[in-house]
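Participant: Can you look at this prediction? I've put the sequence above it.
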Amino acid sequence: MTTKRNLYDILGLPKTASTEEIKKAYRKKALEFHPDRNKSADAESKFKEINEAYEILSNPQKRQNYDQFGPAAFDPSAGGPFSQAGSNRGPFQYSYYSSGNPGSFNDFSDPFSIFETFFGSSNPFQQRGPQKPHYSLKISFDEAVKGTEKTFVHQGKQYKVKIPAGADDGTRIRYSDFDVSFDVQPHKFFKRDDADLFLDYDLPFTTAILGGNIQVPTLNRDLTIKIRPGTQPSTLIRLAGKGIKRLQRPGHGDYYIRLNINIPTKLNRHQKQLLKEFEKA
C-alpha cells in the first residue's frame with residue numbers, strides 16, 4: 001500500500017458508505033483525474049491513489065481488514081494479511097481489454113474497464129505495444145440500447161461484431177488484431193446518461209390542471225401514465241428499472257419523464273371569457 005491517506009477521504013466518502021456509493025465515487029474521481037483528461041502535474045499520482053482506494057474498499061475482505069487495522073493491513077513490515085510481496089494484487093495488474101475472436105463479446109468484468117467506455121483507452125500507466133487498427137461503427141440509438149450485430153472489413157476479410165445491449169457512444173471493444181468503437185446517433189426525443197433514460201413531455205395545461213391519462217413512449221412500447229390534478233411545470237416522474245440495460249453490471253437504469261406545461265399562445269374570445277370566469281370563481 002503506497003498511500004498513507006485515509007482511503008475513504010480519497011474517495012470523499014464516510015466510513016459507512018455502501019458498495020454502490022463506493023462505485024459511484026470511484027467513477028466520478030477516476031474520470032476527474034484520468035491523465036487522458038486531466039493534464040495537471042499531480043493527476044497521475046491522484047489517479048493511482050484513487051485506484052488503490054477503490055481496489056481495497058470494493059473488496060469486502062480487504063475493506064474489513066482496512067477498517068480493523070488501517071494501512072498496516074497492507075504493510076509488508078507489519079505482516080498484514082494482504083502484504084505479501086509479489087502478490088500482484090494491485091489494480092494495475094488487471095487486463096484492460098478483451099482479446100477474443102471477432103464476433104464474440106467478452107463481458108468487462110474488470111472494475112477499471114470504465115476507461116474503455118469513457119476514454120477508449122487502456123491503462124495509462126502500462127507500456128503500449130504497436131498501434132492496432134481502430135474502426136468506428138456508426139449505429140442508431142435503438143441499436144445501441146437493444147444490441148445488434150454489424151459487419152465490417154479488416155484487411156480484406158469480413159468480420160461480424162456483436163454489439164451488446166446498453167452500448168454507449170465511445171464504447172470500445174478490444175480484439176487481438178483491432179479495436180472497434182461505436183458512434184451512437186442521437187434519438188429524436190430520448191436522451192440518456194449512462195443507463196438512465198430521459199424524456200421531455202409537453203403536457204396540455206388543461207391536463208395539468210384537471211389531471212388525466214397520457215401515453216408516453218418507452219424503449220419497447222407506449223405506456224399509460226396517470227397525471228394528478230394540479231401538476232406543476234417541470235414535475236419529474238421516475239420509472240425505476242425502465243431505463244437502459246446496464247453494460248457492465250446486471251439490471252437496468254431508470255426512466256425519467258419531465259413534464260413541461262404547454263401554455264397556449266393564442267386564445268379565441270370564448271376561451272378568454274371562460275378563463276376570466278374561472279379567475280373570478
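Facilitator: Okay, I see it.
Participant: Where do the helices of the stretch 151-281 of the chain begin and end?
Facilitator: For the stretch 151-281 of the chain, applying DSSP state H, counting those that start in this stretch gives helices covering 205-210, 269-280.
Participant: so of these, which one's packed in deepest?
Facilitator: helix 205-210 (a mean of 15; mean count of other Cβ atoms under 10 Å). For every residue, glycine as well, the C-beta is placed using N, CA and C.
Participant: which residues are contacting it?
Facilitator: 214, 227, 229-233, 259, 261-264 (Cβ atoms under 8 Å, 6 or more residues apart in numbering).
Participant: Please check those residues and keep the buried ones.
Facilitator: 214, 227, 231, 259, 261 (16 or more other Cβ atoms under 10 Å).
Participant: Who does the fourth one form a beta bridge with?
Facilitator: Note on Leu259: beta-bridge partners Tyr201, Thr235, judged by DSSP bridges.
Participant: so what pLDDT did it get?
Facilitator: If you check Leu259, the pLDDT there is 91.
Participant: same deal with the first one?
Facilitator: The predicted structure scores Ile214 at 93 on the pLDDT scale.
Participant: hey, what's it bridged with?
Facilitator: Ile225.
Participant: Enumerate every residue touching it.
Facilitator: Per Cβ under 8 Å, 6+ apart, neighbours of Ile214: 201, 203, 207, 224-225, 227.
Participant: next one: the second one
Facilitator: Under the criterion of Cβ under 8 Å, 6+ apart, the contact list for Ile227 reads 203, 207-208, 211-214, 259.
Participant: Return the member of those residues nearest to Leu57.
Facilitator: Proximity of these to Leu57 (Cβ to Cβ) peaks at Leu259, which lies at 39.2 Å.
Participant: before we move on, the earlier item: output the buried ones among the contacts of helix 205-210 in a markdown table, with distance to Ile173 appended to each entry.
Facilitator: Converted to a markdown table, the buried ones among the contacts of helix 205-210 look like this (distance: Cβ to Cβ, whole Å):
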| residue | distance to Ile173 |
| --- | --- |
| Ile214 | 39 |
| Ile227 | 42 |
| Thr231 | 43 |
| Leu259 | 38 |
| Ile261 | 43 |
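Participant: buried residues in stretch 148-162?
Facilitator: 148, 150, 159, 161.
Participant: in terms of contact, does Gly241 touch His252 like I think?
Facilitator: Yes: in this structure, Gly241 is within contact of His252 by Cβ atoms under 8 Å, at 5.0 Å.
Participant: So for those two, which sits in the more crowded spot?
Facilitator: Counted by other Cβ atoms under 10 Å, Gly241 and His252 do not tie: His252 has more neighbours, with 18 against 9.
Participant: so who does Ala195 touch?
Facilitator: Ala195 neighbours (Cβ under 8 Å, 6+ apart): 166, 243-247, 252-253.
Participant: From Ser18, how far out is the residue nearest to it when sequence neighbours are not counted?
Facilitator: The shortest distance from Ala195 to any non-neighbouring residue, by Cβ to Cβ, 6 or more residues apart in numbering, is to Gly253 (2.9 Å). Plainly put, Gly253 is 18 Å away from Ser18 if you go by Cβ to Cβ, to the nearest Å.
Participant: go on, Arg63?
Facilitator: 11 Å.
Participant: Settle it for me: which of the two has more neighbours?
Facilitator: Arg63 (19 against 9).
Participant: ok, the more buried one touching Ala53?
Facilitator: No: Arg63 lies out of contact with Ala53 (Cβ under 8 Å); the separation is 10.4 Å.
Participant: about what we covered before: of the contacts of Ala195, the lowest pLDDT goes to which?
Facilitator: Ranking those by pLDDT, Leu247 lands last with 85.
Participant: Can you tell me the closest non-neighbouring residue to that residue?
Facilitator: Gly166 (4.0 Å).
Participant: In contact with that neighbour, which residues are there?
Facilitator: 144-145, 147, 195, 244-247.
Participant: same check, this time on Thr224
Facilitator: So Thr224 contacts 213-215 (Cβ under 8 Å, 6+ apart).
Participant: remind me which residues of the chain are low pLDDT?
Facilitator: Along the chain, the parts satisfying pLDDT under 70 run over 1-3, 36, 73-130.
Participant: Pull up the gap between the residue nearest the centre of it and Gly253, please.
Facilitator: The centroid of the chain falls nearest to Asp194 when counting by Cα atoms, centre = their mean (3.3 Å). Separation of Asp194 from Gly253 (Cβ to Cβ) stands at 6 Å.
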